[in-house]
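Visitor: Got a predicted model here, sequence first, then my questions.
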2 protein chains.
Amino acid sequence: MATTPERLIESMRSLLWERGYVGTSPKAVLRRADVGQGSMYHHFSGKRDLGVAAIRRTADEMRVGTEELFATHGGALERVRAYLLRERDVLRGCPVGRLTQDPEVMADDALRAPVDETFAWLRARIAEVLAEGREGGELRAAMDPEETAAAVVATLQGGYVLARAARSRAPFDQAVAGILGLLKAHGAQD
Amino acid sequence: MATTPERLIESMRSLLWERGYVGTSPKAVLRRADVGQGSMYHHFSGKRDLGVAAIRRTADEMRVGTEELFATHGGALERVRAYLLRERDVLRGCPVGRLTQDPEVMADDALRAPVDETFAWLRARIAEVLAEGREGGELRAAMDPEETAAAVVATLQGGYVLARAARSRAPFDQAVAGILGLLKAHGAQD
DNA sequence: GTCTATAACGGGATAGAC
DNA sequence: GTCTATCCCGTTATAGAC
């Protein structure tokens, strides 16, 4: 059995993913963690403090998992493709991206910072991969790595939005296929 | 001065945009509309009812405004470009897209339906434009209109996410520039 | 149609016993 | 470290006077 703070953080993480920060009450966290009121206020100063710990961990996990993915593959297009086609629980949405729609997360720098850093890192990392592909002649010289990286990340985040609206992962898969089609045609000599 | 139901709907709309459905209380709506408790429960059966009216209107407005935009321009790429570059209050996010992150909107078909319909229509409309461009030889035969349309809409929705995370519209503009660059290179004979 | 009063419940936190 | 009790306030209504 995990420690009490551990259970609290994990419960908060899952609730943040499902309901966001404004939509999650301390009571709900306690119920899910099967922990008493007192324990929570012993280990954390309150909802915000626990929220910061939970968001930090979610952001860290995403970064580590994604870095692994970029480290293992070969060509630039192949690595971006692997990133886009990575298995995802599409209808649940992105646990980091969904926080950008939460008014209290956005209003509080301690809560927002991990979200900001995650996307900044992600865009930079993908831009790096794309730049390598351009230097290596795999992609056209006209391709702007930063802009293309932003488009790739945005397609994923927007794909989640479309899938949730439709209650179907189809639009997500279409969007990914769409950007991959455009990227492929952008190969140096096609 | 607008009628009381009108003021209530408009207040609800702005609060849904800023704080989402779970984050918005009837009391907050009343304060913003400068309307009494009794009036609201006279004109609407409750929060949900008012929410449905507000979401419907926001969805309708978006559809009408976007249709105008597609009707006025010329070539397929030009029209998609105009759509992507349309003036937007980026940091506020998309008033329709943000609702996909609200657990109570997603759990209630009456609240979710307008959101679903808006994106379904939007994707279909853009796919139509792209298909015209393909028939007319403006775009490659290999381009899939539905997939590309999904990618275009997703880029915008994801662009909002990135911009909000960064508290800067820069990533949004980059993502739009990125997808436009890819689309341009996808012209039939470039 | 609009007002105030009231209610039942939950949110978010503190207090102090154990 | 964890528990229960308590507090104050906000949420989402309903009731009935005006």
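Guide: Structure's in. What do you need?
Visitor: switch to C-alpha atoms for all contacts and neighbour counts from now on
Guide: Fine.
Visitor: Walking through chain A, point out its helices one by one.
Guide: All helices of chain A, identified by DSSP state H, fall at A:4-19, A:26-33, A:37-43, A:47-72, A:76-85, A:103-107, A:109-135, A:145-166, A:170-185.
Visitor: does chain B sit close to the longest one?
Guide: Looking back up the chat, that one is helix A:109-135. Yes: Helix A:109-135 lies within reach of chain B by CA under 8 Å from any CA of the partner chain, at A:112, A:115-116, A:119-120.
Visitor: what's the closest of those to A:Gly136?
Guide: Nearest to A:Gly136 among these is A:Ala120, at 24.4 Å by CA to CA.
Visitor: Compute the number of surrounding residues for A:Leu91.
Guide: Residues within reach of A:Leu91, counting by other CA atoms under 10 Å in any protein chain shown, total 18.
Visitor: What's the separation between it and chain B?
Guide: From A:Leu91 across to chain B, the span is 10 Å (CA to the nearest CA, to the nearest Å).
Visitor: Please tell me how far the nearest residue to that residue once chain neighbours are set aside sits from DNA strand D.
Guide: Excluding its sequence neighbours, the residue lying closest to A:Leu91 (CA to CA, 6 or more residues apart in numbering or on different chains) is A:Arg164, at 5.5 Å. In this view, A:Arg164 and DNA strand D are 22 Å apart by CA to the nearest atom of the strand, to the nearest Å.
Visitor: rewinding a little: which of the residues of helix A:109-135 next to chain B count as buried?
Guide: With burial judged by 16 or more other CA atoms under 10 Å in any protein chain shown, the buried subset of these is A:112, A:115-116, A:119-120.
Visitor: what does chain A put close to DNA strand C?
Guide: Listed as neighbours of DNA strand C in chain A under the rule CA under 7 Å from any atom of the strand: A:22, A:24-28, A:37-38, A:41, A:45-48.
Visitor: Near A:Arg7, how many other residues are there?
Guide: Neighbours of A:Arg7 under the rule other CA under 10 Å: 18.
Visitor: And the closest residue in space to it that isn't next to it in sequence, how close does it get to A:Met1?
Guide: Excluding the flanking residues, the one nearest A:Arg7 by CA to CA, 6+ apart is A:Ala33, at 5.5 Å. When distance is defined by CA to CA, to the nearest Å, A:Ala33 is 12 Å away from A:Met1.
Visitor: Which of those two has more residues huddled nearby?
Guide: Per other CA under 10 Å, whichever of A:Ala33 and A:Met1 has more neighbours is A:Ala33, with 19 against 5.
Visitor: ok, A:Gln157 - contacts?
Guide: Contact analysis of A:Gln157 by CA atoms under 8 Å, 6 or more residues apart in numbering or on different chains lists A:94, A:97, B:154-155, B:157-159, B:161.
Visitor: Name the nearest of the residues of chain A next to DNA strand C relative to chain B.
Guide: Taking CA to the nearest CA as the measure, chain B lies nearest A:Val22 of the residues of chain A next to DNA strand C, at 6.0 Å.
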